[in-house]
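below are the sequence and a predicted model; questions follow.
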Amino acid sequence: QQKVQQSPESLTVSEGAMASLNCTFSDGTSDNFRWYRQHSGKGLEMLVSIFSDGEKEEGRFTAHLNRASLHVSLHIREPQPSDSAVYLCAVRPNYNVLYFGSGTKLTVEP
Amino acid sequence: EAAVTQSPRNKVTVTGGNVTLSCRQTNSHNYMYWYRQDTGHGLRLIHYSYGAGNLQIGDVPDGYKATRTTQEDFFLLLELASPSQTSLYFCASSGGLGENTGQLYFGEGSKLTVL
């Protein structure tokens, strides 16, 4: 069973400053790692999906994967107040399911 | 845009009560999932299915039954609801997560309160 842990639980940054979120997982054989965002009272929106070690950029969102360290991070460039949300890391151990972390609540102050 | 519809959106029941949460997707997706979301735990997989009549167990199946009656419809059943099952439940569907861009499409959630 895949264990997915996120840190920090909550993060406050100023508008325009880089925001960095972390995710560790227990099974290094997983081949796909994703970051989702959930605004309050809304569903989930996928931000970036990464398959290989290194980085994957989607607009202002960049994921960094280090499978040997069982770690994937998300960096948000020039965050805005509208980026305030819960960010969820997800790991795909096989083609059928995604396992999610507990989330990081990001607050971006003007 | 893929559509996943959940009902009811809000439900209040008492301990020991019987609850059915419904999910319908109109995207011809093979895979459907039930997750629960709780503060501090994120999204946890309860059950999933890859077709009518099929059921797979997720991480937290205890106290839940599920049934996939058609390709479109996936139900989550709580036959003896307990306060620990108070949660926000999400249904999702997918055409398959094995593709490079395979996505999960989520419903809007069903908030269940067990008194």
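Received, thanks. Residues are numbered from 1 along each chain as shown, chains lettered A, B, ... in the order given.

burial count for the nearest residue to B:Q103 once chain neighbours are set aside?
Nearest residue to B:Q103 in three dimensions, chain neighbours excluded: A:M46, at 6.1 Å (C-beta to C-beta, 6 or more residues apart in numbering or on different chains). The C-beta positions use only the backbone N, C-alpha and C, and glycine is treated the same way. Other residues near A:M46 come to 17 when the count uses other C-beta atoms under 10 Å in any protein chain shown.

same check on B:Y48?
By other C-beta under 10 Å, neighbour count at B:Y48 equals 24.

if we can go back for a sec, residues touching the residue nearest to B:Q103, list them.
Residues counted as contacts of A:M46 (C-beta atoms under 8 Å, 6 or more residues apart in numbering or on different chains) are A:34-36, B:103-104.

flag whichever of those residues scores worst on pLDDT.
The lowest pLDDT within the contacts of A:M46 belongs to B:Q103, with 80.

that one: neighbour count?
17.

same question, B:F74
B:F74 has 29 neighbours, counted by other C-beta under 10 Å.

next: the one 3 residues further on.
Residue neighbour count, defined by other C-beta under 10 Å, stands at 15 for B:L77.

partner residues bridging it?
B:L77 forms beta bridges with B:T20, B:K65, as assigned by DSSP bridges.

so it sits against B:G63, correct?
No: applying C-beta atoms under 8 Å, one finds B:L77 not in contact with B:G63, separated by 9.9 Å.

quick one: the residue nearest to B:Q103 from B:T113, how far?
29 Å (C-beta to C-beta, to the nearest Å).

and what of A:M18?
For A:M18, the distance to B:T113 - C-beta to C-beta - is 39 Å.

with A:P93 instead?
32 Å.

which one's more surrounded, those two?
Comparing A:P93 with B:T113 by other C-beta under 10 Å, the one with more neighbours is A:P93, at 17 against 14.

per-residue pLDDT, the more buried one?
So A:P93 comes in at 81 (pLDDT).

show me what contacts it?
Applying C-beta under 8 Å, 6+ apart, the residues near A:P93 are A:2, A:27, A:29-30, A:99.

helix, strand or coil for A:K105?
Assigned with DSSP: H, G, I helix; E, B strand; the rest coil, A:K105 falls in the strand class.

and it, what does it touch?
By C-beta under 8 Å, 6+ apart, the contact list for A:K105 reads A:9-11, A:85-87.

if you set the cut-off to 7 Å instead, what comes out?
A:9-10, A:86 (C-beta atoms under 7 Å, 6 or more residues apart in numbering or on different chains).

ok, A:E78 next?
A:16, A:60.

give me the secondary structure label for it.
Per three-state DSSP, A:E78 ends up coil.

how close does it get to A:A85?
A:E78 is 16 Å from A:A85, by C-beta to C-beta.

got it, and A:A68?
Distance from A:A68 to A:A85, by C-beta to C-beta: 30 Å.

what of A:V48?
14 Å.

cool, and A:Y99?
Distance from A:Y99 to A:A85, by C-beta to C-beta: 20 Å.

more crowded one of the two?
Per other C-beta under 10 Å, whichever of A:Y99 and A:A85 has more neighbours is A:Y99, with 24 against 19.

how about the nearest residue to the more buried one, chain neighbours excluded?
A:Y99's closest residue in space is A:Q2 (C-beta to C-beta, 6+ apart), at 4.3 Å.
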